[in-house]
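Peer 1: any chance you can model this:
(one chain, ligands or ions: 1)
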Amino acid sequence: MTRPDGTELAGDQALRDLVGVALDALAEGVLKRGGPLPSGGPRAIRAPLVQSGVGPVDALVELTRFLAHGSADPADPACAAHLHCPPLAVAAVADLVASALNPSMDSWDQAPSASAIEEQLCQELARLCYPAAENPDAVITTGGTESTLYGLLLARENVGRVQPVCGRNAHHSVARAAWVLGLPQPIPVDCVADRIVPAKLAEVLAAVDGPAAVVATAGTTNTGAIDPLPEIAALRPAWLHIDAAYGGGLLFSERQLLDGIDAADSIGLDLHKFGWQPIAAGVFAAKSARTLHALDVRADYLNAADDAEAGLPDLLGRSLRTSRRPDAFKIAVTLRALGRDGIGAMVDHCRDTAQAVAAAVRAHRDLRLWGEPTLSTILLRPLVADQVESELGLDAGNAVVAAIRRDLLDAGTAVVGRAAIAPSTEDGWDGRERLWLKLTLLHPHATAADYAPVLDLIAGRR
Ligand SMILES: Cc1ncc(COP(=O)(O)O)c(C=O)c1O
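Peer 2: Got it, this is the predicted structure:
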């Protein structure tokens, strides 16, 4: 290390030295944690002071140990609450390369190779979403939230002031996007088994005055259910965006469940879910590249008209952001390493494991299964919560479920999610929700046996 004050730039030797230091500290922190997350909850976690300079080695050792010890580790099968994947080593190292070189994706003169990689990757991903479309395109986003924002933005810019419509199963980012864009709040459509009921959607659309932008979900946050995409597309809303943040990973698999997805005007998919990328790795695909011109903007210092005429690629219109990380790089390296089939096989593995874990829940004498998993999400409920519900009511049963989850977090033994689901009824929603525990399986190597201890923990058999 030639500059111990920490001002060494991210060159070859400095990186070698500091990466070694960081990896050692990381291993120490993980060893000290010894489970999926540290015990004791937020009270037990106190961050070190950061404003006094101690030099790069000491700072990295101290804070990396702290971060690793206090991380919720998605590489531990007992950490299965969220759509939070363990990143692949190849993707994490590619991200390090991107950080060191720091291409900025707002102009070609800051990112010649990175922009070429992004263009090629976006073309390939757009084609994956829209195999038969004439001229599809895709841009890189920070994830499902930004992709949904783009979906409604393109709807507004290409169709006019749309009324957003989405299922009650939709992600909260649909309502937020409408709010940011100054559109009316989405009209909610009733669901059965966490899927939009097409007849209910037809009723809503018939009552909307003016163009409607429907947001359907392929892989809901709560259950992984996939809305009936062909039936929804057949209703021909003025704009159809499909939030495939989770289910979009199926596009890499031979086992397709996404029939009708290419009828959508736009699709969001997240490779930091099924895709095993470090955050962020979102993709927004548009059926017609023309509609993406809604993002165009001119800034002389970045994409002057004469530069564009001279053939310099215009990157600014490929995002709402200006400076932007080359997130395409790690995705491209991963796809190059594993191929489309390699990612698809990992998706299939998680789905097969979910089926096996669902069978184990069904066979467990203290647990109840919500329904068969579609993707890799399993909802389950300890029978004790049902007993309390039958004696003291829904809220009391829900409180039991919530407390089990928090107890596991506090003990540091498992990170389990929660999902509030409206009991299915064809007559519509009566406003009541039952709380379930949720396992979202994104570990590409774990087997059903690895989840057996988590089931026992939930059932109170430790
Ligand atoms: C269905 C769905 N859409 C959108 C999002 C938001 O994605 P992100 O956190 O990448 O913005 C999520 C997050 O889990 C999701 O489950």
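Peer 1: residues of the longest helix anywhere in the chain that come out buried?
Peer 2: Secondary structure of the chain per DSSP state H: the longest helix is helix 327-363. Residues of helix 327-363 classed as buried by neighbour count (16 or more other C-beta atoms under 10 Å): 327-335, 338, 343-344, 346-351, 353-354, 357-358, 360-361. Glycine gets a C-beta too; all of them are placed from N, C-alpha and C.
Peer 1: by contact count, what packs against that helix?
Peer 2: helix 89-101, helix 112-129, strand 137-141, strand 367-369, strand 377-382, helix 448-458 (3 or more C-beta pairs under 8 Å, 6 or more residues apart in numbering; DSSP states H and E).
Peer 1: in a markdown table: these, plus mean pLDDT, mean neighbour count and distance to the ligand.
Peer 2: Output for these, formatted as a markdown table (pLDDT from 0 to 100; neighbours: other C-beta atoms under 10 Å; distance: least, C-beta to the nearest ligand atom, whole Å):
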| stretch | mean pLDDT | mean neighbour count | distance to the ligand |
| --- | --- | --- | --- |
| helix 89-101 | 98 | 16 | 16 |
| helix 112-129 | 98 | 19 | 16 |
| strand 137-141 | 98 | 26 | 8 |
| strand 367-369 | 98 | 18 | 21 |
| strand 377-382 | 98 | 25 | 10 |
| helix 448-458 | 97 | 18 | 20 |
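Peer 1: isn't residue 208 right up against residue 163?
Peer 2: Yes: Residue 208 is within contact range of residue 163, at 4.9 Å (criterion: C-beta atoms under 8 Å).
Peer 1: identify the contacts common to these two.
Peer 2: residue 187 (C-beta atoms under 8 Å, 6 or more residues apart in numbering).
Peer 1: who has more neighbours, these two?
Peer 2: Neighbours per residue, other C-beta atoms under 10 Å: of residue 208 and residue 163, the larger number sits with residue 163, 23 against 18.
Peer 1: how near is that one to residue 32?
Peer 2: For residue 163, the distance to residue 32 equals 53 Å [C-beta to C-beta, to the nearest Å].
Peer 1: what does residue 256 give?
Peer 2: Distance of residue 256 to residue 32, computed by C-beta to C-beta: 44 Å.
Peer 1: tell me which of the two has more neighbours.
Peer 2: residue 32 (13 against 9).
Peer 1: rounded mean pLDDT for whichever strand or helix holds that one, please.
Peer 2: Assessed by DSSP states H and E, residue 32 sits inside helix 12-33. Mean pLDDT, helix 12-33: 95.
Peer 1: direction-wise, compare that helix with helix 89-101 and give the angle.
Peer 2: For helix 12-33 against helix 89-101, the angle by axes from the mean of the first three to the mean of the last three C-alpha atoms, to 10 degrees is 130 degrees.
Peer 1: the helix or strand following helix 12-33 packs against which elements?
Peer 2: Once the chain leaves helix 12-33, the next helix or strand it forms, by DSSP H and E, is helix 56-69. With contacts taken as 3+ C-beta pairs under 8 Å, 6+ apart, helix 56-69 sits against helix 12-33.
Peer 1: the helix it packs on versus helix 56-69: what angle between them?
Peer 2: Computed by the same axes, to 10 degrees, the angle between helix 12-33 and helix 56-69 is 40 degrees.
Peer 1: got the buried residues for helix 12-33?
Peer 2: Going by neighbour count (16+ other C-beta under 10 Å), the buried part of helix 12-33 is 14-15, 18, 21-22, 25-26, 29-30, 33.
Peer 1: filter the residues you listed by proximity to the ligand?
Peer 2: Contacts with the ligand are made by none of the buried residues of helix 12-33, judged by C-beta under 6 Å from any ligand atom.
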